[in-house]
Each structure stands twice: as C-alpha cells, then as structure tokens.
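S.K.: The following block contains a protein sequence and its predicted model.
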Amino acid sequence: MHNLTIAELVTGLQSKEFSSVELTQHFLARIAKLDANYNALITVTADQALKAAAAADERLAAGNAPALCGVPILHKDIFCTNGVRTSCGSKMLDNFIPPYNATVVENFEQAGAVVLGKTNMDEFAMGSSNETSFYGPVKNPWASDSVPGGSSGGSAAAVAARLAPGATATDTGGSIRQPAALCGITGLKPTYGRVSRWGMIAFASSLDQGGPMARTAEDCALLLNCMASYDDKDSTCIDREVPDYSATLGDSVKGLKIGVPREYFSEGLDPDTEKAVRAALAEYAAQGAELVEISLPNTGLSVPAYYVIAPAEASTNLTRFDGVRYGYRCEDPKDLNDLYTRTRAEGFGDEVKHRILIGTYCLSAGYYDAYYGKAQQVRQLIQQDFEKAFEQVDVIMGPTTPSPAFKFGSKGDDPVAMYLEDIYTVATNLAGLPGMSVPCGMVDNKPVGLQIIGNYFDEARMLNIAHQYQQATKWHSLAPEGIA
Amino acid sequence: MSHSGWETVIGLEVHVQLATKTKIFSGASTAFGAEANTQACAIDLAMPGTLPVLNKQAVHYAVMFGLAIDAEIGKESAFERKNYFYPDSPKGYQTTQLEKPIVGRGNVEITLADGRTKNVRIHHAHLEEDAGKSLHEGDFRHGVSGIDLNRAGTPLIEIVSEPDMSNAEEAIAFAKRLHSIVTSIGICDGEMSQGSMRFDVNVSVRPTGTTELGTRTETKNLNSYKFMEEAIAKEVERQIDLIEDGGIIKQETRLYNGDTKVARSMRSKEEANDYRYFPCPDLLPVIVSDETIAELRRNLPELPDARQARFIEQYGLSHYDAGVIGSDAAMAAFFEIAAEKSGNAKLTANWTMGELAARLNSQDLSISKSPVSAEQLGGLVARIADDSISGKMAKQVFEGMWAGEGSADEIIEARGLKQVSDSGALEQMVVDVLTANQAMVDDYISSDEAKRKKKLGGFMGKIMQASKGQANPQQVNQILAQKLNELL
C-alpha cells in the first residue's frame, strides 16, 4: 500500500479496496519499524490518527467523504496542531502544545486527512541540511551518510521512505524544493499569499510559504487543492479563487516557452547534476516545448540579500521566545535580564543564534541603510528580473540545487558554503514567485531535482508541466534501496 | 515662582486609547477593569504562529481625528516594528507607525484663561498598540511580579505636537482641547483615571528672546492635568537651577510620581534602546480611499468649536458657559437633554456646571457615571424655574436624587417640599406671625429706618419656620414689607 500514490489511495479508499484504518495502521507500523533509521518524525500521533481513520471510514461508508478522506499525511512540526506538541525543531518549544490549529492543519482536517505525526526540521526552519534540529539530524533515505536537505528534511525523507504518501512543508529560501530534490520527491512552494501562514511558526514572514510534498506532481495537486485557501486571519494571504489543480494536469506542453537562465548553469553547478537537468529540458523539447535562453542578471545578489532580509525578520519574529509565557524557561532566573539571557542562550541552537545576531546587526542604527535598506533594493531588482523574463517565457527551469545530497558535517564549518545550497531557490522567495522541484535524475546514486519557476499564481500550469514530465519519465517512482 | 530671563518650550506626545470594542490586531475585548489576563487571546499573548489583522474601526477613528484637526490624511500608511524586550510587550516589539503615519500635519487652536487664542501645530499622529501592564510588589503577590495583558493590543493614536507651548497653562489648555476633540468625535472615552489619555511632556528652557531650542527632557506617562502642571513646574525649575548653577541639561527620559511628587531620571539618551524599526512584514500598507475619507468627513460628529458657537446661539449661553459645557462632549450631551427637559437653558447650565459638577468632582466621578441623570436634573430645574421650589429646597431635592430617591417631582412629593406661592395663604401666614409676635412688631415700629431693615430678617425667619421652609421667600418678603408698612 505504501507504494501507491495519493491519487491511487483515494481511489482505493473510495472503492473500499482497503479502509483508512488499515492504511493508517500500515503506515504507523512502517514508521514504528523504519523511522529509527531516518529520524524523520519528531512526534507520532498514533492514537489520534487511528481515531481519525475510523471517523474517515464512517464518512467513506456514508458516501459523502471529502477529497482526501482517510488519506494519511504528515505535518511539518512548524504547523501548530491543537493539543499536539509543536516544537519547530527547537528546545525552545519542546514543551509547547498549541491550543489552536494552523489554517493548513484545519484545511486537511476538513478534507478528512489522517495525521500520522509531525516531521523533523531544522530549528525554526533555519538550515539546509536538517542538522540544526534539536531532535537530531534526519538521514537521507538514499544515503544514510548524507543530509536530506532542509529545512523540511523530515517531510521529504518521510515521503521518500514511504512513511507517508504526502506531507506538508514550508519554504523560506528553498526549504521545500531543496529537500525534495535531495530526497527524490516532488515539492511545490506556492506563490506568496496562496497558502495561509496562520499557525505556521514564523521564520521570515515576508518569505515563508507553506506547500505540499509528495512523490508525484499529481499528488501535489491533490494536496494543494486542500492546502490553498484565502484566510482572513493572515493579512498577507491573497483573496483569489483556488483553481482545481488536478483539472489541467493532462494539458499538453506543446508550444510552452521555457526560459533557461544562463546564471543557473554557471560555475558551482555540479556537471552531472547539470547533465540531468539538461536531459529533462531535452525531454520537454521533445514534447514540443521551446527552450529560450534568458538572463536573470541579479541572481548573484539573491543569496546576500536573502541572508540580510531573512535574519532581520527572524531576529524580531523570535523575540517572543523569552521564557515568560510559554516554551522553555531557564531554571531559577535571578532577575528579568537573567531570565531573558539564559532562556534564550539555553533554548536556541547555534544556527538560530547566529541568524538572530546577523539580523539584529542588520537592523541596528547606523547599519540599517547599508544592509536591510540595500537588501530591499536588491529584492526589487530580482523581482524586476523575473518580471522581464516572464514577458518572454511561460516558465523558467533550471537545477534546484548545485549538487546532490552532501555528507553530514561536510559544510559544518562554513556557513557561506551552506548558504550557497540555496543559490537557485532563494530568488523566487524574494520575488514571491511559485517554484517546484521534480526528480530528474540520479547522480552517484542520489537524486537531483529539476526546478520549475512559474509566474504569480501559475501553480496549476506548473503542476501540469511537471505531471507531463512524470508521464514520460520514471525518476519520481524510483525508491531508495530497501524501501520498495 | 518666577524665573526672569528664561522662557520655557513645551511639546506634547499624547497617547489616546481608541474606543473600539476589540483590539487593534485581535478580536479580544478592550473593556477596562476585567480580571487580569481574561481579555488576552492567543494573538495578544504572541503565541507562535499567530498573526495580526488590523481593526478597520481603529483606522477610521484615526482618520476622524485627522479630519477633526484639519490634517493631511495618510492615504497609504504603514506599520513598523519597534523592537525591545519587556514582559508587558509579549511579541518583543510594538507594532507602530514611523515613516508613514496615518495623520500628517494639522492644527489645534487653544483658548487661554484671558481669552487669548493660540495655534498649536500637530506634527503627526500615528496608530499603534498599547502594551500590557506589569504588576509589581504591592499590586501583586509578595515577592513576585506579574503581567496583565488585558491592555496589550488596545489601539492607540499617538499625537505628536510641535514645541509650540510656552508654559503649563498652554500645555494643559492643549491637552484639554485634545480631550474635548477626541471625546466629541467619539473616538475615545476620555477616562483619564483609566489611562484613556496619557501625556508625555517634552520640556526645555532657553534665555528669553533667543530662538535656539535648549536640550529637552521628556517626562512620560502623566495621566492628569494636575500631574502635568506639577511635573512641568518641577522640571522647568530643575533645568533653570541646573543651568544657572553652571550645569548642563542632559537629554533624558524622566518619570514623575504624582502621589509622592517626586520626579526622577528614568534613562539617559545614551541608555536608550536601539529600537531597530523596520516595516512589519505581517501587515499590508494601510490604504484609505478618498471615498472612505469623504464618508468619514460627512459623518464626523460636531466638533467642540461648532458646538460652543451653537450653544451661544441656540441656548443663549454666555461665552464662558458655552466654553465650559461645550468643550466636554459628555457634559454637553448631558446639558442638552437636561435643558430640553427643564425648558430653561441658562438655569440648567448653572446647575450642570455648579452643583452637579462640584458633586461629581468631589467623588471623582465622570459625568457619564453621574447618579443624577440628565432627565432628573432637567426635572429639578423645571421645578425651580416654575417657582415650585426654592433654590434651597432644590439642593435638598438634588441630595435626594443623588441618593437615588427618584425624580424631582417624586422627591418633592415624598418629602413634602412643595413651595407655597399661593398669595392668600402666604398673607395669612404673615399676619399670623405678626400677631403672635406683637413685641417684635412694636420694636420694629419704634426703630429708625436703618434698623428696621435689619429686623426684617427676624420676621422672615419666623415665617419660614412656620411654613417649614416651604413659603416662597420672594413673595413672603413682599407681603411682609407691605403688612409692616401698613402698621407704621
């Protein structure tokens, strides 16, 4: 059952081939048996899942079941779940049980999905390797000595290891696409404002966006149908009709103009990864798409701009973790200052502290204009690059990451090397554009991803394009050794 | 205390709590006085993942204030985060406006005691959220500090004036004028004792006749006119003494304790936080359309100036009375209802500003909490105006109304206070008293003109006593004079 796609599971559940309880028990058993190898989950919610599955089976029997009724999924531990610990991968929130659901969680509950648990992640979503989690690193199911990517590494590894058919994730600078690429699955970061941020613990508010992870584009479409909604609790959520993302999957890509940015195929890109991406582009050409070389001249500025803006926002978003109202509190604080200092020194990990310091510095009097002000200007330039490109082409394609999954600790001492992991992904967050990653080949027995960047609210088209590729290729259906 | 050779420059920053039902970024109630932390929701507690949603009513109230002072309205204003750690600031930042406030430059005209008027320029007014309250020793459990977040997120406008005031009188006139404006347009309840308006006073001094501004200090969070006056006087004196002794004024933030009358430095400029302002990414720019502005302008309640002019015109009040009653929205509304009921505006004004105001003041009550309703006061004034009761009796009736004994008519009836104005009955009463006090009458007759006048009081006393105070004194006076004259 664990090799079935969500689309196949929906059919199986509705035709009573198997029940949601059977399905849920199957996945819970897999998690119990296998997750020790991956560390993909922080919390398993077996009891709640079985109850939800039983309720789903009743609805399925009654014949009025909603879209994802009875389908088991996982939530990244950044989405608040009512009554279930939501840690954000941090010691700071190790004891935090929210009294409310994130809108995304609520949407899946309404759609009848069964939540198996919460997935591991880089602490406060800050990281590209899942090494910053308080709960320990997640291992890549394709190579246990390699990272799964981050920050949504737990979701990506769980889907790749068939511990769940789909999972939610978030992407601030590549945190959906990069782990999806490194774990050989499909992941979509929607347009900023497409998915509600209510109840999604903030890293960098102007960049954070929730999105789905699954093995296929077709499954991502099913998940996004449920995930995307207008939410008046999030002022930056955009009130725009949610199309049926499944409806247009079958459209042809004939005549599609694909922009291939010169800057995404330059120094730093692993040659074998480039080969895989070029092969994917050739497949599109074979299907009748037109490849157009384009330029996104400010690409090189995107990582520096991102690593000013994201930490700046994070430094103030994380001020609330002060030990006063919830979360970790240091023992026996002597006074207020001691409470703040020790709570935060003990509750946050190094990468989080690192970014809070960078962000605080960038916003400080006398530095604001040189850093934050400048970065905002760069953000405008990057947005203009994309606007110009989309006057010429329908979508943009390139590699998701410069290389396949790297080994644990290999970038530990060099934050800049780690930050360059995001070189192809951060620009879309700065521009607010949707981006996705689709498995497109294997390098050294590890998956690599093709990145598809669409224009604003073009998710349906992107999913369609990815689906057409997956109809013609098998990369998405490969399973790590010992999984199938 | 005079400080010849020095002049004072004062600017005010005024925090006005907006009278919205819910908070500026959450749906929690803003009602005052609830049990601690019962009006703080997940957003107010800054729980992880929660997000602010701007209260439209707060925006409208801010725009209304802008319209009331004839200011530029920021059609696109923006919120910023002001970052600092403090337990009563749950997010670790205050959401406020800096670069693009919702209200731009405007003007407020103040009238001083001698009738002079002066214009105070408003630099801008911006929207922001209030903080919670820290409860320290004495407010809370022994040895523990507590936090009450009920107030956290209450919408405020902060009104920033130019340094256009030269003494405490002007500063207080300005503060009172703002109070009058915000209560008149209904955007603030004006309850100063509950912190609905709080004043930060910027004070500097300079040699008379010079134009360069001296170094200023800011005394924060004064919540009464009296404390403002005291704090300004103390600070002006401190600065002049310091400079005259060869010292230098340091730019600093100060506190004044109105109960102990002690002023002290809170932090110097060097110790001030770097607030790291930056645009709040959780909120979109606030766009106010021309249509909204036009509609708010059309529906803007009567402003104090217009109301004062109307009171002079419509009710024939003096400038002074119209100024006092017309500047206080609640008192003005009270007066209008009472005057309607009484049919005598001038007398209603006297009672409103006199007996009622004094009584409210003595018990520290606002007019909206008056135990005597406007209808009741009007009913009382009506009985005075139609001579049913004397002024003296009216005070007794007023006491009865204050004690909750009912309407004027009910109390007059119950206490048997009706004034006797029947001239036949009064004449009989006078004759009876004169007959019963023949010795006094003889004495009166034998006295000279000057002494007789003084002796009239004795007869009046006896007659009023005989009537149990109910005789109409003017009429008795007349009849008595006439009867005694007849005996001469």
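M.R.: Looks like it came in fine. Bear in mind that the values here come from a model prediction, so they are computed numbers and not experimental data.
S.K.: Could you check which residue of the stretch 351-484 of chain A lies nearest chain B?
M.R.: Closest residue of the stretch 351-484 of chain A to chain B, C-beta to the nearest C-beta: residue A:363 (3.9 Å). For every residue, glycine as well, the C-beta is placed using N, CA and C.
S.K.: which residues sit in contact with that residue?
M.R.: A:312, A:315-316, A:371-372, B:83, B:276-278 (C-beta atoms under 8 Å, 6 or more residues apart in numbering or on different chains).
S.K.: In ChimeraX, select just the buried ones from those.
M.R.: Restricted to buried positions by 16 or more other C-beta atoms under 10 Å in any protein chain shown, the ChimeraX selection for those reads:
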select /A:312,315,316,371,372 /B:83,276,277,278
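S.K.: Mind telling me the two of the contacts of residue A:363 farthest from one another?
M.R.: The most widely separated members of these, counting by C-beta to C-beta, are A:371 and B:83 (15.3 Å).
S.K.: Adding pLDDT, write the contacts of residue A:363 out as a markdown table.
M.R.: As requested, these are exported to a markdown table (pLDDT from 0 to 100):
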| residue | pLDDT |
| --- | --- |
| A:312 | 98 |
| A:315 | 98 |
| A:316 | 97 |
| A:371 | 96 |
| A:372 | 96 |
| B:83 | 96 |
| B:276 | 96 |
| B:277 | 95 |
| B:278 | 94 |
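S.K.: So which of the contacts of residue A:363 is the closest to residue B:52?
M.R.: Out of the contacts of residue A:363, the member with the shortest distance to residue B:52 (by C-beta to C-beta) is residue A:316, at 13.2 Å.
S.K.: Is it correct that residue A:449 falls within a strand?
M.R.: Yes. Assessed by DSSP: H, G, I helix; E, B strand; the rest coil, residue A:449 belongs to a strand.
S.K.: my read: it touches residue A:401, true?
M.R.: Yes. Using C-beta atoms under 8 Å, residue A:449 is in contact with residue A:401, at 6.7 Å.
S.K.: shared neighbours, the two?
M.R.: With C-beta under 8 Å, 6+ apart, residue A:449 and residue A:401 have common neighbours A:181-182.
S.K.: So for the two, which sits in the more crowded spot?
M.R.: residue A:449 (33 against 29; other C-beta atoms under 10 Å in any protein chain shown).
S.K.: ok now do the residue lying closest to that one once chain neighbours are set aside, which residues does it touch?
M.R.: Of all residues not flanking residue A:449 in the chain, residue A:181 sits nearest, at 2.7 Å (C-beta to C-beta, 6 or more residues apart in numbering or on different chains). Contact analysis of residue A:181 by C-beta under 8 Å, 6+ apart lists A:149, A:400-401, A:437, A:439, A:447-449, A:451.
S.K.: if you set the cut-off to 7 Å instead, what comes out?
M.R.: A:149, A:400-401, A:437, A:447-449 (C-beta atoms under 7 Å, 6 or more residues apart in numbering or on different chains).
S.K.: and these, which two are the farthest apart?
M.R.: Largest separation among the contacts of residue A:181 by C-beta to C-beta: A:149 and A:448, giving 11.3 Å.
S.K.: quick one: which of those two has more around it?
M.R.: More neighbours surround residue A:149 than the other of residue A:149 and residue A:448, with 35 against 30 (other C-beta under 10 Å).
S.K.: Verify the stated contact: the more buried one with residue A:127.
M.R.: No. Assessed by C-beta atoms under 7 Å, residue A:149 is found out of contact with residue A:127, at 9.3 Å.
S.K.: Check for me that residue A:27 belongs to a helix.
M.R.: Yes. Judged by three-state DSSP, residue A:27 forms part of a helix.
S.K.: quick one: the strands in the stretch 301-450 of chain B?
M.R.: Taking DSSP state E, counting those that start in this stretch, the stretch 301-450 of chain B contains no strands at all.
S.K.: For chain A, what's its nearest residue on it.
M.R.: Counting by C-beta to the nearest C-beta, the stretch 301-450 of chain B gets nearest chain A through residue B:301, at 29.7 Å.
S.K.: Report the separation between that residue and residue B:213.
M.R.: Relative to residue B:213, residue B:301 is positioned 37 Å away (C-beta to C-beta, to the nearest Å).
S.K.: Also residue B:287?
M.R.: 36 Å.
S.K.: repeat for residue B:37
M.R.: Counting by C-beta to C-beta - residue B:37 and residue B:213 are separated by 43 Å.
S.K.: neighbour-wise, which of the two wins?
M.R.: Using other C-beta under 10 Å, the more surrounded residue of residue B:37 and residue B:213 is residue B:37, with 16 against 12.
S.K.: For the stretch 51-200 of chain A, list the residues in contact with chain B, please.
M.R.: A:80, A:88, A:93, A:96, A:98-100, A:102, A:197-200 (C-beta under 7 Å from any C-beta of the partner chain).
S.K.: ok, now with 6 Å
M.R.: A:80, A:100, A:198-200 (C-beta under 6 Å from any C-beta of the partner chain).
S.K.: Now list the buried members of the residues you listed.
M.R.: A:80, A:100, A:198-200.
S.K.: Report the two of the residues you listed separated the most.
M.R.: It's A:100 and A:200 that sit farthest apart of those, by C-beta to C-beta, at 11.8 Å.
S.K.: re earlier: okay, the buried ones among the residues of the stretch 51-200 of chain A next to chain B in TSV with secondary structure and pLDDT next?
M.R.: Output for those, formatted as TSV (DSSP: H, G, I helix; E, B strand; the rest coil; pLDDT from 0 to 100):
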residue	secondary structure	pLDDT
A:80	coil	98
A:100	coil	98
A:198	coil	98
A:199	coil	98
A:200	strand	98
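S.K.: for those residues, which one is nearest residue B:96?
M.R.: Nearest member of these to residue B:96, counting by C-beta to C-beta, is residue A:198, at 22.6 Å.
S.K.: gap between the closest one and residue B:348?
M.R.: The separation that residue A:198 has from residue B:348, given C-beta to C-beta, amounts to 54 Å.
S.K.: now swap in residue B:330 and tell me
M.R.: In terms of C-beta to C-beta, residue B:330 sits 15 Å off from residue B:348.
S.K.: Looking at the two now, which is surrounded by more residues?
M.R.: residue B:348 (31 against 16).
S.K.: Having no further points to raise, I will conclude here.
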